[in-house]
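Visitor: Would you be able to build a 3D model of this:
(2 chains)
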Protein chains: 2
Amino acid sequence: MPVVNAGVHIEFPSWLVDAATACPPLATPEARMAFVLDLARRNVASGSGGPFAAAVYEIASGRLLAAATNLVVASACSAAHAEVLALALAQQAVGTHDLGAPGSPAVELVASCEPCAMCLGAVAWSGVRRLACAASGRDAEALGFDEGPKPADWVGELRRREIEVVEGVMREAAVAILHAYRAAGGRIYNARAGSV
Amino acid sequence: MPVVNAGVHIEFPSWLVDAATACPPLATPEARMAFVLDLARRNVASGSGGPFAAAVYEIASGRLLAAATNLVVASACSAAHAEVLALALAQQAVGTHDLGAPGSPAVELVASCEPCAMCLGAVAWSGVRRLACAASGRDAEALGFDEGPKPADWVGELRRREIEVVEGVMREAAVAILHAYRAAGGRIYNARAGSV
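Guide: Purely as a prediction, here's the structure:
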């Protein structure tokens, strides 16, 4: 039998589900990012995965729709980046693949780092109206992470698709998490060299 | 409660699982693509989703590791493109996020269409050593599908990451499937205009 599974299943760690369930509405960009950065820290501390997290919020109310962390290794799935998982979880919670469907409240993705090539595409297809990031792609690359095959003007590409981009929200705190991960010997994988 | 799910779950239709389970080793690029194109046709005919399919094969033996179709609407997940799902299913079947892990047989992704921006990134992270495509991005865009924020030299980007790219395998047959889908009034979604 060539296929052992009848679908793709990615379970979230219970601490992550509990944290998301307990999250109150968050009014400011900084409060929304602080919640995300705390998840990134806890993802590393708990051994769940890499130092990245993301969450989907309703822009007006600050209500959390979904939160996720990098679960690539634990879920045996290279697409299990925090951004992809947060968007998918939000879409499945709402019950549609389009978070920008007519009549639904506008939502944003808040991410601990600028999107890689794959997550950039995932954002474009998701229906979010805004993307807020903390660390930059250069910050991640400085640590050995690979951003992948991404157009130079990725911000313009999203804006042309009517997705607002806000860069550098709490960037220093996010960079500190990446550095702490590397200093602790955390696994850094990229497409050219595998794990390093 | 902001979060209703404790994970992301994408179930495959039973006809797809049955077809993949019954697939014998396939020796030639055309035989591997013909199997994929048949899945794309059946995905539309069965109402499972859009006219796209992909499969992961061991390059040397032609053994199928995983096959998937576009399940975006059915699974309420905009990332549920055939390529992302086939790669994820293969990785979870093998038990690692890296299909190019040392000691494992080299594998390829065979896809009915050139990858969109998201799937391009997903291919880069997956560990596959070769990508074979049928229809081109322009073929898909001619029908209203959006390829997304993708670098112009996407082939070079993959080759620099030691991933071989083979374009145009059974292209005419793949384009015919896209045209038949459109002619039958199939749903075509893209990031700028939602479903059209």
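
Visitor: Go ahead and name everything in contact with the top helix by length along chain A.
Guide: If you go by DSSP state H, chain A has its longest helix at helix A:29-45. Identification of contacts with helix A:29-45 by Cβ atoms under 8 Å, 6 or more residues apart in numbering or on different chains yields A:15-16, A:19, A:23, A:26, A:48-55, A:57, A:62, A:64, A:67, A:69-70, A:82, A:110-112, A:132, A:134, A:166, A:169-170, A:173-174, A:177, A:180-181, A:184, A:186. Where C-beta positions appear, they are placed from N, C-alpha and C, glycine not excepted.

Visitor: shaky segments in chain A?
Guide: For chain A, the stretches flagged by pLDDT under 70 are A:1-4, A:189-196.

Visitor: where exactly do the helices run in it?
Guide: So, for chain A - with DSSP H - the helices run A:14-22, A:29-45, A:82-94, A:117-126, A:137-142, A:154-160, A:171-183.

Visitor: Can you add distance to A:Ala6 and mean neighbour count and give these back as JSON lines?
Guide: Supplementary listing: the helices of chain A in JSON lines, determined by distance: least, Cβ to Cβ, whole Å; neighbours: other Cβ atoms under 10 Å in any protein chain shown:
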{"stretch": "helix A:14-22", "distance to A:Ala6": "24", "mean neighbour count": "16"}
{"stretch": "helix A:29-45", "distance to A:Ala6": "28", "mean neighbour count": "20"}
{"stretch": "helix A:82-94", "distance to A:Ala6": "17", "mean neighbour count": "28"}
{"stretch": "helix A:117-126", "distance to A:Ala6": "24", "mean neighbour count": "30"}
{"stretch": "helix A:137-142", "distance to A:Ala6": "35", "mean neighbour count": "16"}
{"stretch": "helix A:154-160", "distance to A:Ala6": "35", "mean neighbour count": "17"}
{"stretch": "helix A:171-183", "distance to A:Ala6": "35", "mean neighbour count": "17"}
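
Visitor: by how many degrees do the longest helix of chain A and helix A:14-22 diverge?
Guide: Helix A:29-45 runs at 160 degrees relative to helix A:14-22, counting by axes from the mean of the first three to the mean of the last three Cα atoms, to 10 degrees.

Visitor: and A:Ala79, how many neighbours?
Guide: By the measure other Cβ atoms under 10 Å in any protein chain shown, the count of residues near A:Ala79 is 29.

Visitor: and it, how far is that from B:Ala180?
Guide: 29 Å (Cβ to Cβ, to the nearest Å).

Visitor: The residue nearest the centre of chain A and chain B: what is the separation?
Guide: The residue lying closest to the centre of chain A (Cα atoms, centre = their mean) is A:Glu83, at 2.8 Å. According to Cβ to the nearest Cβ, to the nearest Å, A:Glu83 and chain B sit 9 Å apart.
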